[in-house]
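Enquirer: Fold the following, please.
(2 chains)
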Amino acid sequence: MSNVVDVLLSGVFAASILFLVAAGLQVVFGVLKIFNLACGSFYALGAYVGVSAVNWSLAAGLPRPLFVLALVGGGLALAFVGPIVERLLRTVYDRDEAFQLLLTFAVVLMLEDVTQLVWGTAPYSTGALYLSYGQALILGSTVPVYNLLVIGASVLIAVGLGLVLTRTRWGRIVRATADNREMAEALGVNMRRVYVQVFTLGTVLGTLGGALVIPSTTAISEMGIELIVQAFAVVVIGGLGSMRGALVGALIVGVLRAVAIATRPEVEMLLIYLIVIGVLVVRPRGLFGGAAA
Amino acid sequence: MTASTTRRRFLRLLGLGSGGALLAACAQPAPAAPTAAPKTEAKPAAQPTAAAAQPAAAAATPAEAAKAPAQAAKVPAGPVKIGVLAARAGVTAAVGQAGQRATEWWAERVNKEGGILGRQVQLVIEEESNPKDTVDRYRKLVLQDQVDVVVGGISTGVTLAVGPVAEEMGTPLLMWDGTTQNGIEETIEDPKWIFRSADNEVEAIGAALLTPKYFPNVKTVAGIGNDYSYGRDLWATYQAILKRSMPAVEFVLELFPKLGDTDFTSQIAAIRQAGPDLMMCSFWSGDAPIIMKQAAAVNLFDGMKGVFTTAGGVHDALKKEFTPEGLLLGYNSMYFDDPKASPLLKQFVADYRSKYNEYPAYECDHAFFCAEAYKAGVEKASRAANEWPSKEQVVKGIEGIEVESLSGRRMMREDHVMMGTWFQGLTTHKNAYDFVTIDPVESLPTTRIQKPAGAKLMDWIGTMPL
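Expert: Numbers count the residues shown, from 1 in each chain, chains lettered A, B, ... in the order given. Prediction:
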């Protein structure tokens, strides 16, 4: 039993990070109709800034157990990157998708160089902070409390996003824009402002994901590219543009990978892409495709 | 958005996206990032000219005078140019940086002592990235910069491509860590111009020889390594030796996450499920401290032994807080804290520490050895030629040469494979650092862990003394 819990929780932990990045991808695609490869770079940027924020605030006297606040602060502070990149992408809104992808890929490469310039090429980490929250025993399985915290934070963000998008005026505008850009504009929605806001939201989801994950791992400059490939699988399975799709897709990819690694490690990635192909054949729009952002 | 446009857009995007990802994948085959632009730095020699040093060498002690060419006039003017291929980005960046730093330290030292036969050393540094670009930069070093020798090269994926080009171009190449092996098969049996690192597998061979000594009661073993030639070959080698020395051992699990992965919680869950007595891990870059930390978070090493063949390469990231005592840890060819350290190593560690606030890793030793072997090769060849030797003569001079490197005496075998001593031992917290060191320190000479010239690895493992 404890082994099953081990495997499942490791999958859910991976899924919760994957969800944040995929959600950023989805919300941006839903509204701006741009497939933003740079969401992986936002994740990496969040990781680096997370480490710096923790080191800086612990040195400035923040009590050790509160380091997670520094991480969240670092992730949120990176919101300023959103409007800058959005400004850059504005030049290709009406161009072919190929241009959009090339430009976002260019942003990936530029941000990777920026991280190398600022933080160097050596792996960058928060040392042993990860262990400072101790362990919990769940159904006989030892689980790092920090992992539970990340899962909890991700669930909170998912619920919060859902509420904002469905219950608030701003959420309705965003969904209306995603549904029919021309109609929303005709009704007086300031499209330029919504684009900036939505892109910034997508950015923060990524940077927050990176900042939250970093205590458990180490920042390396190419960590974003690694994740973007998995995020692809998530949005294809879940359905492009769908938030629920991001959630379910992330859970499927995260948990199935963990189960595959524990049972048949050689088919780990194959299994994910078999599911992708299966979804494309049976439900080409993805499990939740067609639903608005 | 309507359903039909969504589908169409989505499928197009998927195609484009996969193309983009493919582009990314092509641009960086394993350990090289596509972004870093080739950068050239010509390091000016620390000493302005060789002329000043020349008379000094001639007037030195009789022993030193013997080393100097009999007729100084026959030594060309101007500096000796040494091309350096050092990785700067991606997972090999830290290793490349270590090699470059050690080469710079060596050059500074040599220049202070008067250079090579009175000629100052000038480094021309280029980046090692993916195979294609690195081959181009190697050509540039030889053709445009007209270097006398090239040193560097960490990734065998890269040196496999550079090797044949270097053989064609006729300029000596001394590889720090790269080999010309495709998997465990040698691709250049009888090289003329290139000198290679010891086999990648020596680390696994050393660890496998020490496993029965330190972990005699192990019955089940799991392995984890990066999903490429290095990770898989080390695991195969380790198993092959253990099958001979501990025939009862059962291999219960093998995991090969991608190079560059940063989350191993699922792999760790799988290892806990398999419940082996020992885990062998060949991680060597940033992933080594990650798996160590994630393992500590679930007490993986409570009741399980660990063998980390290569993680000593990132030793200062293995913090005591998450790295337990009693793991077998390999440091490759140099252990910075060796109790039997030579004055040279002590000086190097002190300088490195004061300049970079870090403790050096093994790549420094390979880099120092390559540069020093070249210098000694030139000096040896010049004694025979009675002038500055040709590149052919230098290559002959390097064959079989023995020099003092950071880790002690090292030798370049006649078949152009570097020899030396590898260091492994059990991790301990009893030191003044915030990371683990090893005690006891086991010395593993390559005469014991490197296959003899011309032998096939697995054939040799079947008969090697255990």
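
Enquirer: burial measure for the residue of the stretch 301-450 of chain B found nearest chain A, as a count.
Expert: With Cβ to the nearest Cβ, the shortest gap between the stretch 301-450 of chain B and chain A falls at B:Glu321, namely 3.3 Å. (C-beta placed from N, C-alpha, C; glycine too.) When counting by other Cβ atoms under 10 Å in any protein chain shown, one arrives at 17 neighbours for B:Glu321.

Enquirer: That one sits in which helix or strand?
Expert: Taking DSSP states H and E as the definition, one finds B:Glu321 inside no helix or strand.

Enquirer: Contact distance from chain B - what residues of the stretch 1-150 of chain A qualify?
Expert: Residues of the stretch 1-150 of chain A lying near chain B by Cβ under 8 Å from any Cβ of the partner chain: A:3, A:6-7, A:9-11, A:13-14, A:17, A:30, A:33, A:35, A:37, A:97-98, A:101-102, A:105, A:108-110, A:112-113, A:116, A:121-123, A:125, A:127-128, A:130-131, A:135, A:142-144, A:146-147.

Enquirer: Would you tell me what the next helix or strand after the helix or strand where A:Gly209 lies is?
Expert: Here A:Gly209 sits within helix A:191-213, counting by DSSP H and E. Using DSSP H and E, the helix or strand that follows helix A:191-213 towards the C-terminus is helix A:223-238.

Enquirer: tell me what that next one is packed against?
Expert: helix A:2-32, helix A:39-59, helix A:97-119, helix A:243-263, helix A:268-282, helix B:3-27 (3 or more Cβ pairs under 8 Å, 6 or more residues apart in numbering or on different chains; DSSP states H and E).

Enquirer: could you give the mean pLDDT of that helix?
Expert: What helix A:223-238 shows for mean pLDDT is 89.

Enquirer: Report the distance from it to the chain centre.
Expert: Remark: helix A:223-238 is offset 9 Å from the chain centroid, using Cα atoms, centre = their mean, to the nearest Å.

Enquirer: now that helix against helix A:2-32, angle please.
Expert: Relative orientation of helix A:223-238 and helix A:2-32, computed by axes from the mean of the first three to the mean of the last three Cα atoms, to 10 degrees: 90 degrees.

Enquirer: would you turn the helices and strands packed on helix A:223-238 into TSV with mean neighbour count, distance to B:Asp434 and mean pLDDT?
Expert: Output for the helices and strands packed on helix A:223-238, formatted as TSV (neighbours: other Cβ atoms under 10 Å in any protein chain shown; distance: least, Cβ to Cβ, whole Å; pLDDT from 0 to 100):
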stretch	mean neighbour count	distance to B:Asp434	mean pLDDT
helix A:2-32	26	27	93
helix A:39-59	25	14	96
helix A:97-119	19	20	91
helix A:243-263	23	32	94
helix A:268-282	15	35	92
helix B:3-27	16	36	45
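
Enquirer: what about the strands in the stretch 351-466 of chain B?
Expert: B:402-405, B:408-412, B:418-419, B:421-428, B:437-445 (DSSP state E, counting those that start in this stretch).

Enquirer: Reformat these as TSV; add distance to B:Ala288, mean neighbour count and mean pLDDT.
Expert: As requested, the strands of the stretch 351-466 of chain B are exported to TSV (distance: least, Cβ to Cβ, whole Å; neighbours: other Cβ atoms under 10 Å in any protein chain shown; pLDDT from 0 to 100):
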stretch	distance to B:Ala288	mean neighbour count	mean pLDDT
strand B:402-405	24	18	97
strand B:408-412	25	20	96
strand B:418-419	23	22	96
strand B:421-428	12	23	98
strand B:437-445	15	18	97
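
Enquirer: Kindly reformat the helices and strands packed on helix A:223-238 as a markdown table containing distance to B:His429.
Expert: Compiled in a markdown table, the helices and strands packed on helix A:223-238 are given as follows (distance: least, Cβ to Cβ, whole Å):
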| stretch | distance to B:His429 |
| --- | --- |
| helix A:2-32 | 28 |
| helix A:39-59 | 23 |
| helix A:97-119 | 29 |
| helix A:243-263 | 31 |
| helix A:268-282 | 35 |
| helix B:3-27 | 41 |
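
Enquirer: Quick one: closest of those to B:Val95.
Expert: helix A:97-119 (15.4 Å; Cβ to Cβ).

Enquirer: For the stretch 51-200 of chain B, what lies in contact range of chain A?
Expert: B:88-91, B:93-94, B:97.

Enquirer: What residues does residue 253 make contact with?
Expert: Since you didn't name a chain, this refers to chain A. A:15, A:18, A:230, A:233-234, A:237, A:272 (Cβ atoms under 8 Å, 6 or more residues apart in numbering or on different chains).

Enquirer: was after chain B, sorry
Expert: By Cβ under 8 Å, 6+ apart, the neighbours of B:Leu253 are A:265, B:222-223, B:270-271, B:274, B:276.

Enquirer: try 7 Å this time
Expert: Counting by Cβ atoms under 7 Å, 6 or more residues apart in numbering or on different chains, B:Leu253 touches B:222, B:270-271, B:274, B:276.

Enquirer: That one belongs to a strand?
Expert: Yes - judged by DSSP: H, G, I helix; E, B strand; the rest coil, B:Leu253 forms part of a strand.

Enquirer: That one pairs with what?
Expert: For B:Leu253, the beta-bridge partners are B:Ala222 (DSSP bridges).

Enquirer: per-residue confidence for it?
Expert: The model's pLDDT for B:Leu253 equals 96.

Enquirer: What separation is there between it and A:Asp96?
Expert: From B:Leu253 across to A:Asp96, the span is 47 Å (Cβ to Cβ, to the nearest Å).

Enquirer: Including neighbour count, could the residues of the stretch 51-200 of chain B next to chain A go into JSON lines?
Expert: Below are those laid out as JSON lines (neighbours: other Cβ atoms under 10 Å in any protein chain shown):
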{"residue": "B:Arg88", "neighbour count": "21"}
{"residue": "B:Ala89", "neighbour count": "23"}
{"residue": "B:Gly90", "neighbour count": "29"}
{"residue": "B:Val91", "neighbour count": "25"}
{"residue": "B:Ala93", "neighbour count": "28"}
{"residue": "B:Ala94", "neighbour count": "23"}
{"residue": "B:Gln97", "neighbour count": "21"}
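
Enquirer: now, among the residues you listed, which is nearest to A:Leu78?
Expert: For these, the nearest to A:Leu78 is B:Ala89 (22.4 Å; Cβ to Cβ).

Enquirer: tell me the phi and psi of that closest one?
Expert: Main-chain dihedrals, B:Ala89, degrees, to the nearest 10: phi -130, psi 160.

Enquirer: wait, isn't it in contact with A:Thr121?
Expert: Yes - under the contact definition of Cβ atoms under 7 Å, B:Ala89 touches A:Thr121, with a separation of 5.9 Å.

Enquirer: Skipping adjacent residues, who's closest to A:Leu137 in space?
Expert: Spatially, and ignoring its direct neighbours in sequence, A:Leu137 is nearest to A:Val143 (7.6 Å; Cβ to Cβ, 6 or more residues apart in numbering or on different chains).

Enquirer: hang on, that neighbour in a strand?
Expert: Yes - A:Val143 sits within a strand when classified using three-state DSSP.

Enquirer: circling back to that earlier point, out of the strands of the stretch 351-466 of chain B, which gets nearest to B:Val121?
Expert: Among those, if distance is taken as Cβ to Cβ, the winner is strand B:402-405, at 15.4 Å.

Enquirer: Report pLDDT for the nearest residue to A:Leu129 once chain neighbours are set aside.
Expert: Excluding the flanking residues, the one nearest A:Leu129 by Cβ to Cβ, 6+ apart is A:Pro215, at 5.0 Å. On the pLDDT scale, A:Pro215 is placed at 95.

Enquirer: since we're on A:Pro215, how many residues are nearby?
Expert: 30.

Enquirer: was I right about it contacting A:Thr126?
Expert: Yes - counting by Cβ under 7 Å, A:Thr126 is a contact partner of A:Pro215 at 5.0 Å.

Enquirer: For residue 122, grab the count of nearby residues.
Expert: Unless you meant another one, I'm taking chain A. 19.

Enquirer: actually it's chain B I care about, not the one you picked
Expert: Counted with other Cβ under 10 Å, residues neighbouring B:Gln122 total 21.
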